[in-house]
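In: only the shape, not the letters, is given here:
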């Protein structure tokens, strides 16, 4: 089942050239953070271009439960009247974060240093995901947690009454863990320090600075050292959310493998901690260009133009690029199937604890559609068949994972035979307009009855 209802089987059929402009939704990472930091500011934050997928809507409802006034004005225009750092009220009900690992981990961090108690749950997929990576560091501030084995949801967080500042080294490259600790540090006295040995997406640091927090970042031999002074008064902001590079990946990758395609994807955030996929595609020989490069709200932005690229070659993806494209490996593996030769992806063990075990899910689905895959604990290799030679014809299990479902819908657009997924319902969590947008470009993605 999907996280929000009965399964929705979907099929993608081979199609003609994809043409036109793909206006993808707002960035999911920035949307979550806009709502949470808006709720922790004093006064009204205005947000334009908010992603209105289920994951972000669940975060909006959570901020309301903690006492913030969150208003949807229509057309992606939202406002958040915040309660200030440390001003969260204790929620009356369980906080349901649906499918969103980002949402639940950031929200846990944001309330962990306030003297309140909250219980969190999610859908079947989220309730399987490890939360100890967040509950362990927030315990250093003085928070207490009670949950299922492995720190899994449902889980109750008892916020620290007298929080202490911390010095914490992130054990695995994870922007969610780093961000949860930084949000918890906001209501701890003195300076807290977060160290990451490998840089991850830095939206939280950028936005904290924008809201007026005293935060510094320094690259040292120890890694990236982030220092945050606690208990500031965050100032409300006007935020224009750039469009999501992770969502842009799907029309971009589809255009590269469907003959005759030429697709423009405007206003895409190109934060260097998020843009690894696009550089990897260029390394493979993709006809992918950045146009109208500019900066908006402290984030680099460009329009992406992707054209059919019949000469794609398999490559070894640099492992140090993994953190900047961790969510894009599923659709990259689809492109790799249409390239010549092997595409080797290493340093990707984080994929095994996402919405699904993405290495396992993609490997099974690719094999079901005639593509050879080899895999290890933190690597996998896709043996490309070249343009026009991917058989297709199989059905993949989406495993309640939006990116798995969309990746196989992209595959079906260029395979010899249609490709299906057992449940496309999770797509609504991050890309609710996916079907209409891709159909508008010329794709044939349909809901199918069993």
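Out: Sure thing, it's come through. Quantities reported herein were computed from a predicted structural model and do not represent experimental measurements.
In: low-confidence bits of the stretch 201-350 of the chain, can you list those?
Out: 297-298 (pLDDT under 70).
In: domain assignment for this structure?
Out: 10-26+242-447, 28-240 (automatic domain parsing).
In: how about low-confidence regions in the stretch 1-150 of the chain?
Out: 1-4.
In: need the domains of the chain in a markdown table with mean neighbour count, can you?
Out: Where C-beta positions appear, they are placed from N, C-alpha and C, glycine not excepted. What follows is the domains of the chain, written out as a markdown table (neighbours: other Cβ atoms under 10 Å):
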| stretch | mean neighbour count |
| --- | --- |
| domain 10-26+242-447 | 21 |
| domain 28-240 | 21 |
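In: residues contacting stretch 278-286, please?
Out: 245, 252-253, 256, 270, 288, 290, 304, 306, 309, 311-315, 317, 321, 325, 332, 335-336, 339, 343 (Cβ atoms under 8 Å, 6 or more residues apart in numbering).
In: again, only this time at 7 Å
Out: 256, 288, 309, 311-313, 315, 317, 321, 325, 332, 335, 339 (Cβ atoms under 7 Å, 6 or more residues apart in numbering).
In: list just the nearest of those to residue 418.
Out: residue 335 (18.5 Å; Cβ to Cβ).
In: name the element that closest one belongs to?
Out: Residue 335 belongs to helix 329-337 when assigned by DSSP states H and E.
In: by contact count, what packs against the next helix or strand after that helix?
Out: Using DSSP H and E, the helix or strand that directly follows helix 329-337 along the chain is strand 340-346. With contacts taken as 3 or more Cβ pairs under 7 Å, 6 or more residues apart in numbering; DSSP states H and E, strand 340-346 sits against strand 316-317, strand 379-385.
In: if we can go back for a sec, pick the one among the contacts of stretch 278-286 closest to residue 376.
Out: residue 317 (14.5 Å).
In: surely the closest one and residue 348 touch.
Out: No: Residue 317 is not in contact with residue 348 according to Cβ atoms under 7 Å; the separation is 8.7 Å.
In: and the helices in the protein?
Out: 28-40, 54-65, 101-111, 132-141, 175-185, 203-210, 245-257, 276-283, 329-337, 358-368, 402-414, 434-441 (DSSP state H).
In: out of those helices, which comes closest to residue 227?
Out: helix 175-185 (9.5 Å).
In: quick check: angle from the closest one to helix 132-141?
Out: 20 degrees (axes from the mean of the first three to the mean of the last three Cα atoms, to 10 degrees).
In: TSV for the helices and strands packed on strand 340-346, including distance to residue 435?
Out: Shown next, in TSV, are the helices and strands packed on strand 340-346 (distance: least, Cβ to Cβ, whole Å):
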stretch	distance to residue 435
strand 316-317	29
strand 379-385	26
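In: which among those strands is found nearest to residue 404?
Out: It's strand 379-385; of the helices and strands packed on strand 340-346, that one is closest to residue 404 (Cβ to Cβ) at 13.9 Å.
In: listing partners with orientation, what would you give for that closest one?
Out: strand 340-346 (antiparallel), strand 372-375 (antiparallel) (DSSP bridges).
In: now that strand against helix 358-368, angle please.
Out: Using the same axes, to 10 degrees: strand 379-385 against helix 358-368 is 20 degrees.
In: quick one: mean pLDDT for strand 379-385?
Out: What strand 379-385 shows for mean pLDDT is 97.
In: quick one: contacts of that strand?
Out: 314, 333, 336-346, 348, 359, 363, 366, 371-374.
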